[in-house]
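Student: Sequence and predicted structure below; questions after.
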Amino acid sequence: MRLPSCYRRVMRMFRNRYSAPLSSLLLVGLVLAGCTDPTTSPSGEREGAAATSSRATEVVVATGGEPDSFNPVLGYARWGDGKIVEGLVRLGVDLEPEPVLAEELPEVADDGLTYTVTLREGVTFHDGQELDAEDVVATYEAALDPENGSPVAADLTALESVEAVDGRTVRFTLAHPQSAFVTTTTLGILPADQVDATSPEDVVGTGPYQVEGYRAGERLVLTASPDYWGEQPEVTRATFLFVDDDAARAARLASGEVDAALLPTQALGRFEDDGAYDVIRRDTADFRALVLPEEGEVTGDPAIRTALQTGLDRQALVDGALAGAGRPAYGPIPPEAPEYSDVVEVEANPRTAEQRLEEAGWVEGADGVRARDGQRAAFTLMYPAGDTLRQNVALEVQAQAAELGIEVEPEGLSWEAIEPRMSSDALVYGSGNPYNADLSTYPLFHSSRAFQGFDNPGGYDSAEMDAALEAGRAAQEDSERVEAYATVQEQLAQDLPWVFLAYVEHDYVIEADTWAGYDVPLVEPHEHGLQGGPWWNLPSWTTAGG
Amino acid sequence: MDDRRRVRLPTRLHPARPPLTGLLVGRLLLLPVLVAVVTLVMFALAQRTPFDPVLATLGERALTMDGPTLEAMRDRASDTGAVQQWAAWWGNALQGDLGVSSSQRSPVSTVIAQRLPWTLGLMSAALVLAVLGGVLVGGLAGTRPGSWADRAVGGGLLATQAAPPFWVGLVAVWVFAVWLGWLPTGGATSPGSGSVEALDVLRHAVLPVLVLALSQLPWFGLVVRDATRDALAGVPVRAGWARGIPTARLLRQHAVRPALLPLVTVLGVRVPELITGAVLVETVFSWPGVASATVDSALRLDFPLLAALTVLTTVLVVLGNLAADVAYRVVDPRVGRRDG
Amino acid sequence: MTAEGWREVAGARSRPWAGTRHAVARGGSGPWWVALGGVVVVVLLLGAGAADQRADFEQAFLPPSAEHPFGTDQAGRDLLARSLAGARVSLLVGLVAALVSSVVGVVVGGLAGSLASRAGGVVDGVLMRVVDAVNALPHLVLGIVIVALLGPSLGSVILSVALTHWTTTARLVRAELLALEGVGFVEAAVGAGAGRWWVLSRHLLAHVMGRVVLATVLMVPHAIMHESALSFLGLGLPDDQASLGTIIEQSRTAVLAGHWWPAVLPGLLLVALSLVVFVLGERLRPVSWGRS
Amino acid sequence: MSGHGYAESRDVVLPASQTAGPGGTPDWRPVGGLRVEGLGVALPDGRGGHQTVLEQVDLRVPRGRLVVLLGPSGAGKSTLLAALLGLLPTGSLVRGHGWWEDEEAEPVDLVDPGAPARERLRGRVAAWLPQAPVGALTPVLTVGHHLTEKARVHVPAGQVQASVRSAMRRHDVEPQWWRRLPSQLSGGQAQRVSNALALLGDPGLVLADEPTTGLDRPRARAAAAGLTALAHDEGRAVLVVTHDLRLAEEAADAVVEIDGGRSRGADVPVGEVIARARRATHRLAPHATTGQRLTAPGEGPAVGGGPATGGAPHTPGGGPDEGQGPGLAGVDLTLRRGRGTLVRSGVTLRVRPDRTTGLMAPSGAGKTTLLRALALLHRPSAGQVRLDGRPVHGTGYAVPAALRRRIAFVPQDPRQGVDPRWTLGRSLLEPSRLAGRAGDDTTVARMLDRVGLAPELAGRRPDEVSGGQLQRVVLARALTLGADFLLLDEPTSMVDAATARAVVRAVHEHQHATGCGVLVASHDEELLRTWCDVVVEW
């Protein structure tokens, strides 16, 4: 056989110092693999599992996809829960701001236009630099710079200027009052000279952990930063694996390769009955809703909207499509938030829904689908292809709407394909945060945002709504704000530009009895993964095992 | 699965046979042209598609990001013509700058340097196994034409050939990783360990390599089977038998051995199928090779990486075909007589 | 001495080459495949299995049973029905793609073949280089690129398959034409004063078409594989459309969660489908006048 | 006459007298040999039935004798060898016996010794010298490999080298060929290697199949001498099957004719058998019966490949004048095959009207290429084809149809000669259709009748008739063209004697009727010498 030579030829074709050894290694390996004893391998796995758990000071976590950036200016750790970077303040479990790099909460001038922050003393970045006001200024200016296309800019629309009063004092000046401004000072602070860092290795923060290793698309390894200003975390080494595939995460957790993972509810079953694992279900403000385009012949029709609003059984949807992992949603603002108003809530009642349709002249046709003067009550429902959860939601809506005589045709598409069609076709949309009512409403419903990127996808346009949103944004007193968002929610309940369906639950599984302190009643925002989850407060974990 | 049409002896795979040097020159001249054309077509396609560079570079961020900013970036995004883009890409590429991969978030050259060895390892290991297996099975069947063994092997190979690698991979994962729990479900190294340890890699490599090998084996098996059968039907075997050569030896030396020739000489022709298989297998087992990176880059519209990888595979295939033709001329003793 | 005294030589049937005379040249597949094939294809074309089933999450992931022979998927839809619908889509894609590529192939191959002997074979040379070029690309990767850039849809999948598979037909048609040029009965016709058109219409077409039909049929399983592979990679049909590829793709999670049926059974159907079409094609293999 | 006498004297030679040969005192005694009795073989016809190839063959080949089994192609000569070697196709039926008698040992039936005995016998008793030696060697194995492998069959490991070396010496296999593959050997070298291989076990019986095919005269002679030596000097029983009368004349101790599956003349002197064979061939060629230009048997110069074969004077390559005058002529043609391998250059040859020209050359010498060139189907890389002195330009479609119709070419392989999808009737009518003449069943019937075929064949498709029938159909179609020149490529190579006669008769009648010029290309010298007015020998 001339095979070896040909094989060598292939190798030679690309002179690459790894290839030859590695592939020959693989060859040998196959021989060995042929004679691996089945009985040893599983036990090997167990040992692996044991090994990870015994080292309680280290944890291996499988999160979902890798964040697009590790730079807070570009959206990383938007809510200040960064392990690497820290903001001036952060939002606690109770959603109340608490000072971090700031000595105490920013003091607001009476006119509500200036916020002054005094920085904590003796804080150093991982590279040894001392934290000072310039760093804060630089970071915020970078976030405001349109060149960076920072998602954080959305939070900072009110911010006019940032200046360093002295080395330890920063003053924020707003264009107009914004009572919620404090929640936006969660932005993670970078050294002035490194605000445009892209690769995680370059991201230098003040946080309890610093980056030890990083392989794109694969893993991020953090170790406790020796000279952290706060108290040292007990878990000193954390490995985050980026595994897009839900199933792969489940399997790796089961095989003991990882200690904790974000999982889809369908995959929880086997872990729930297993004492070795601790299942954590987090309530969220992460809603899923149907965006009903104003322009659509069917989707724009009030009767149809009301029918869907009242006709869809949200609980059934949660029990079915979400496998119980969630709770009904009626609006963008979660019940936990102070701005929440119950005007949005409705009692699911197909009967009234059908009545409404009948009255509006939508009469059932031979094919079981209603129609009004030639127009069938049918519309396409887009969802991002590959997102099983939204696909399930779409399927459930299709099933329930059919009962009402409305035909819904789910269609899985890439975001590129979805965007141009948002003005005409319905969409399963997901977003929401418990912290900032302005953020979870303004971009979605203000007419100025119609079809701006993925803002206000339905093109909803209502003067009352716009007014209410602006009022809410400008509100100085909390009472003012609450009132404004009450109006917003009334408008939503009245016009029904969207039909809100459910807040999806974020589920995590973690190896039991090894750590403690991770199970806090946190309400998570839409974004989760590296920041959210049981490891949200990783620094304050204790090693239960000893 | 390009195999079906290819279960043939090299005589038919290479109908026309120009002289070796001419062939070499011709192919090597074709290569740059080919690569140039391919990339140009890519850029041209990229022009008239839902392909949005801004979204591509922003990725998921585009969804959470504030609308006006996104629009602003779009306005700034220059849309030059395909040809300019193409020229620019080549300009940089020839200076060794392949651009930065948005899906892998690191320079394309680094991505390839990191991932190529894994793919080559996977492919070469699978190739070796596939060939050995193919010879074994094909020889067995070919030397017993018409026997139940022959029919069984023939049917089995066809069935295997009809089984898509990704499906076989899934089944393998279910059986060996999920059900029996003997082997890991994917990846090339255990997450806990930062370093690359031989045994660890091997455990991870078993399934991918076997599945890839299995996807290639039928073709080799059928080639050997048919070639053996042809050899067996020929005069030399009868002559050898009449000379009194012991049957076992006769089959081995005069039937199977000639059949190895076409096999060896057309290994190179398998490169495309091998790559195809690698793409699927690497995806199923999330093997950190270039093939799976191709898919990611396509899914995330990571243009620089996609272009680079396409060029890479093109070159691979051309060289493979070339190797096949050369090998054919070098190895085949009968080639001299063909024209006579 | 007529019929009596005839006997078979002892041990003649145990000669090493004994089987070669009767053994099927390639494939080694029995006619029972064909029967099975007929059945399967018919079933599919009869359109068993509803494509648009309502989701019923109560029924999610039921293992195979009398009621659901293939079990149900994560949305509680009957997998048998979905698989059949998917198979139908796959078959459709396969057929259309194969047809398109065959047309392209015939045109190119026909041109090359009939012009090979004229104008110094320049046209032929160019066309064949193009064929080489296309062949020099791994089909799946090329398909991936095409779909990625055109966006996943039925159209782009068919396109990507067609664009990568026409070369076989082109080669074949050309080879066939060239081979036929020197064959006795063609030369006889020419010698008897036949013109190109006469030979082409009376002799060549029939033979070439025979081969092309075969090639087309044999390409179908190929195209099916291609489509399902693309769909599996998330680059094929959108996942709201049931194709065997997308069904298997969506089953990955289930498999790792221990639900084997959503992956295994549709896969088996896919195997059966392409195998059957392939074997059917093999049965059609006509006389070839290619190099013997 | 001389040939005859020569043969007679040879026939009465006694074994003893061979000791007078240069071989010195022989170390063998003329005991035993091959005795074939009432051997019949029926081969499977592929349709589940059987076709009887050998009815009744009886012959004796004593040790020390060389017996020639003479017969036209397709007479079943090779089948006989296959039967003796146990190489018959699976499913063949046999009757009768092929006894091998050795001095002490029990006689064994080589045709059907029973499986275990066969295992003991093969390679030890009978040596097979196949027709094309190169083709019988395994392409991927070296000469050395073949030889050692064979030696191992016979001698213990220790002596392998020795016995191989001696065998190589005996058959002039040069040491430097050791590493070569069969494809790297010339025909002659391969011949010697295969001899060495076959005889390495010192088998008593040698079975040679058409040993002179493709050889020019001198090499053919050498081959014959070699075989004679095997018998006379080494005392083996040598059976040679061939259709080459010359070989029989030169080498045979006895000649057995085989025709229609039956053997004749086992006990008749060689000369008579050969003479009879000649007459058979004459019968075959009606022209010859008129006796004009009949070459005397064994006429020396003809054998030497000298200037003339047959009465008509000519030089091997033809002469300059050949280009001129009426007829179809190739002038100074350079012929290449396939992708340019040179076949022959400077070929000049003319087919005269109402004359039958023979082209004799061993297979592979480029007969077909020349014929196709003359038929305007193949473009010679140099030289001209002239029709009645006027050069014809281009080939195939480029030539005016009227011109093309003047030349009819009958290819060697009838299977490819007709469109497999058409009925024979349709194929037969094609020329008249092309000529604008309508034709019906009666026309077809007449055409078939001309070549001695039944009208009902018209409805059949090519794969439903025998090769012989097909050959005649193809011929019939060529005749209907009413061409001025008829070019026949090995018209009798693929058919039994009966068909051959029919073919020749049909052509001859046609020539009488139309006065067309005929060119017959064949390697069968007897056929040409007795049929043609002029034979050109390559």
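Tutor: In hand now; what should we look at? All figures in this text were calculated on a predicted structure; none of them were measured in a lab. Numbering: from 1, shown residues only, chains lettered A, B, ... in the order given.

Student: which residues sit in contact with residue 329?
Tutor: Assuming you mean chain A. A:287, A:288, A:289, A:314, A:500, A:501, A:502, A:503 (C-beta atoms under 8 Å, 6 or more residues apart in numbering or on different chains). Backbone N, C-alpha and C define where each C-beta goes, glycine included.

Student: Let me rephrase: I mean chain D.
Tutor: So residue D:329 contacts D:322, D:323, D:348, D:349, D:350, D:351, D:385, D:386, D:387, D:389 (C-beta under 8 Å, 6+ apart).

Student: pLDDT wise, what is the first one at?
Tutor: At residue D:322 the predicted local confidence, pLDDT, stands at 58.

Student: Any figure for the gap between the residue in the stretch 101-250 of chain A positioned nearest to chain C and residue C:83?
Tutor: Residue nearest to chain C within the stretch 101-250 of chain A: residue A:247 (3.4 Å; C-beta to the nearest C-beta). Applying C-beta to C-beta, to the nearest Å, the value for residue A:247 to residue C:83 is 20 Å.

Student: Ok, residue D:423 next?
Tutor: In terms of C-beta to C-beta, residue D:423 sits 47 Å off from residue C:83.

Student: So which of these two has more stuff around it?
Tutor: Set residue D:423 next to residue C:83 and count neighbours by other C-beta atoms under 10 Å in any protein chain shown: residue C:83 wins out with 29 against 18.

Student: Among the contacts of residue A:329, which are located in strands?
Tutor: Using DSSP state E, A:287, A:288, A:289, A:500, A:501, A:502, A:503 are the members of those that sit in strands.

Student: Next up, the contacts around the fifth one.
Tutor: Meaning residue A:501. Residue A:501 neighbours (C-beta under 8 Å, 6+ apart): A:287, A:288, A:289, A:290, A:312, A:314, A:317, A:328, A:329, A:393, A:397.

Student: now those residues in CSV, with distance to residue B:162 and pLDDT?
Tutor: Below are the contacts of residue A:501 laid out as CSV (distance: C-beta to C-beta, whole Å; pLDDT from 0 to 100):
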residue, distance to residue B:162, pLDDT
A:287, 46, 91
A:288, 40, 93
A:289, 45, 93
A:290, 42, 93
A:312, 44, 92
A:314, 46, 92
A:317, 40, 91
A:328, 48, 92
A:329, 47, 92
A:393, 36, 92
A:397, 38, 93
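
Student: Identify, from those residues, the entry nearest to residue A:473.
Tutor: Nearest to residue A:473, judged by C-beta to C-beta, of the contacts of residue A:501 is residue A:287 at 20.2 Å.

Student: which non-adjacent residue is nearest residue D:45?
Tutor: In space, residue D:45 comes closest to residue D:51 once its chain neighbours are excluded; the distance is 4.5 Å by C-beta to C-beta, 6 or more residues apart in numbering or on different chains.

Student: What segments of chain C are helices?
Tutor: In chain C, the segments counted as helices under DSSP state H are C:31-46, C:79-115, C:122-135, C:139-150, C:154-181, C:184-191, C:196-199, C:205-232, C:244-256, C:261-284.

Student: Any chance you could list what contacts stretch A:261-277?
Tutor: Contacts of stretch A:261-277 (C-beta under 8 Å, 6+ apart): A:61-64, A:243, A:246-247, A:249-250, A:252-254, A:279, A:322-325, A:388-389, A:505-512, A:528-529, A:533, C:60-61, C:74, C:253, C:256-258.

Student: 7 Å instead, please
Tutor: A:61-64, A:246, A:249-250, A:253-254, A:279, A:322-325, A:388, A:507-509, A:511-512, A:529, A:533, C:74, C:253, C:257 (C-beta atoms under 7 Å, 6 or more residues apart in numbering or on different chains).

Student: What residues of it count as buried?
Tutor: A:261, A:262, A:263, A:264, A:265, A:266, A:267, A:268, A:271, A:277 (16 or more other C-beta atoms under 10 Å in any protein chain shown).

Student: what's the distance between the fifth one and residue D:410?
Tutor: Yep, that's residue A:265 we're talking about. From residue A:265 to residue D:410 the distance is 82 Å (C-beta to C-beta).

Student: Tell me which of the helices of chain C sits nearest to residue D:244.
Tutor: Closest approach to residue D:244 among these (C-beta to C-beta): helix C:184-191, 27.5 Å.

Student: Buried ones in the closest one, by neighbour count?
Tutor: By neighbour count with 16+ other C-beta under 10 Å, helix C:184-191 contains the buried residues C:184, C:185, C:186, C:187, C:188, C:189, C:190, C:191.

Student: on that earlier part again, rebuild the helices of chain C as TSV, extending it with mean pLDDT.
Tutor: Shown next, in TSV, are the helices of chain C (pLDDT from 0 to 100):
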stretch	mean pLDDT
helix C:31-46	65
helix C:79-115	87
helix C:122-135	80
helix C:139-150	80
helix C:154-181	85
helix C:184-191	86
helix C:196-199	84
helix C:205-232	83
helix C:244-256	83
helix C:261-284	81
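
Student: Can I get those helices in JSON lines including distance to chain D?
Tutor: Formatted as JSON lines, the helices of chain C follow (distance: least, C-beta to the nearest C-beta, whole Å):
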{"stretch": "helix C:31-46", "distance to chain D": "17"}
{"stretch": "helix C:79-115", "distance to chain D": "11"}
{"stretch": "helix C:122-135", "distance to chain D": "15"}
{"stretch": "helix C:139-150", "distance to chain D": "31"}
{"stretch": "helix C:154-181", "distance to chain D": "8"}
{"stretch": "helix C:184-191", "distance to chain D": "4"}
{"stretch": "helix C:196-199", "distance to chain D": "6"}
{"stretch": "helix C:205-232", "distance to chain D": "5"}
{"stretch": "helix C:244-256", "distance to chain D": "38"}
{"stretch": "helix C:261-284", "distance to chain D": "15"}
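
Student: now for the ones you listed, which one comes closest to chain A?
Tutor: helix C:244-256 (3.4 Å).

Student: right, is the closest one up against chain B?
Tutor: Yes: counting by C-beta under 7 Å from any C-beta of the partner chain, chain B is contacted by helix C:244-256 at C:248, C:252, C:255, C:256.

Student: try stretch D:126-146
Tutor: Yes: on the criterion C-beta under 7 Å from any C-beta, stretch D:126-146 is in touch with chain B at D:128, D:130, D:135, D:136, D:137, D:138, D:139, D:140, D:141.

Student: What is the most widely separated pair among these?
Tutor: Largest pairwise distance in the residues of stretch D:126-146 next to chain B, by C-beta to C-beta, is 20.8 Å, between D:128 and D:140.

Student: between those two, who's got more neighbours?
Tutor: Taking neighbours as other C-beta under 10 Å, residue D:128 and residue D:140 compare with residue D:128 leading, 26 against 22.

Student: Kindly report the residues of the stretch 151-292 of chain C close to chain B.
Tutor: C:151, C:168, C:175, C:218, C:221-222, C:225, C:228-229, C:232-235, C:248, C:252, C:255-256, C:258, C:260, C:263-264, C:267, C:270-271, C:274-275, C:278, C:291.

Student: I'd like the helices of chain C as JSON lines, with distance to residue B:41 appended.
Tutor: Shown next, in JSON lines, are the helices of chain C (distance: least, C-beta to C-beta, whole Å):
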{"stretch": "helix C:31-46", "distance to residue B:41": "35"}
{"stretch": "helix C:79-115", "distance to residue B:41": "16"}
{"stretch": "helix C:122-135", "distance to residue B:41": "10"}
{"stretch": "helix C:139-150", "distance to residue B:41": "9"}
{"stretch": "helix C:154-181", "distance to residue B:41": "10"}
{"stretch": "helix C:184-191", "distance to residue B:41": "39"}
{"stretch": "helix C:196-199", "distance to residue B:41": "35"}
{"stretch": "helix C:205-232", "distance to residue B:41": "18"}
{"stretch": "helix C:244-256", "distance to residue B:41": "25"}
{"stretch": "helix C:261-284", "distance to residue B:41": "29"}
